[in-house]
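1. I'd like to go over a predicted model; first the sequence, then the structure.
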Amino acid sequence: MIVGAIIVVQRRGLNLGDVANRNKALFLTYGYFALSTLWSDVPLLSMKRIIKDFGLLPVALVFLTEENPVRAIRVVFVRIAYILFPLSIITIKWFPETGRVASNSGMPCSGDWPLTRTRLDWPCSCSA
């Protein structure tokens, strides 16, 4: 996906070198991340994660180089919602051990939780 995003961005005429020059702080940060793998306990895994994280930049540039970037991002969110909301209902109804929220302690929450309630905005009262 990263390679595909880079190809799309280059075909749209965006010079990645110019992007790097205009965002020096961002690329210096990624350089520091890459350098930090030298003293990591697991350098291969750290580098793999940095490459995956760095791959978000070309994907973001695909959206930002659209004619209407706000509309493109909205379309992606809507299409993802078409998939995730029904899957959420399916997991809550037929796979409750996967689809229901757990508290920070790992104890299951009491009662049925509607789709609109999330872990962040509704505190979970758990039975001990």
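-> Structure received.
2. following the helix or strand I89 falls within, which helix or strand comes up?
-> Secondary-structure element containing I89, defined by DSSP states H and E: helix 69-94. Going down the chain from helix 69-94, the next helix or strand is helix 96-99, by DSSP H and E.
3. using PDB, write down the CA coordinates of that next one.
-> Taking C-alpha atoms only, helix 96-99 is exported to PDB below (Å, rounded to 0.1, in the frame of the first residue of the first chain):
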ATOM      1  CA  PRO A  96     -20.400 -10.700  22.800                       C
ATOM      2  CA  GLU A  97     -17.000 -11.700  24.200                       C
ATOM      3  CA  THR A  98     -15.400  -9.800  21.300                       C
ATOM      4  CA  GLY A  99     -18.000  -7.000  20.700                       C
END
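4. quick one: contacts of it?
-> By Cβ atoms under 8 Å, 6 or more residues apart in numbering, the surrounding residues in contact with helix 96-99 are 88, 90-93. C-beta: built from backbone N, CA, C; applies to glycine.
5. next one: that helix to chain centre, how far?
-> Relative to the chain's own centre, helix 96-99 is displaced by 22 Å; criterion: Cα atoms, centre = their mean, to the nearest Å.
6. could you do stretch 9-27 as well?
-> Taking Cα atoms, centre = their mean, the mean C-alpha location of stretch 9-27 is offset from the chain mean by 21 Å.
7. swap in stretch 56-71?
-> Distance of stretch 56-71 from the chain centroid (Cα atoms, centre = their mean) equals 15 Å.
8. can you list the domain ranges for this protein.
-> Split into domains by automatic domain parsing, the chain comes to 1-65, 68-104.
9. in CSV, list the ones you listed along with mean pLDDT.
-> Putting the domains of the chain into CSV (pLDDT from 0 to 100) gives the following:
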stretch, mean pLDDT
domain 1-65, 91
domain 68-104, 87
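10. ok, back up a step: and the contacts of helix 96-99 as CSV, adding neighbour count?
-> Below are the contacts of helix 96-99 laid out as CSV (neighbours: other Cβ atoms under 10 Å):
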residue, neighbour count
S88, 13
I90, 12
T91, 14
I92, 17
K93, 10
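11. next, give me the two most distant ones among those residues.
-> The largest separation in the contacts of helix 96-99, counting by Cβ to Cβ, is between S88 and K93 at 9.6 Å.
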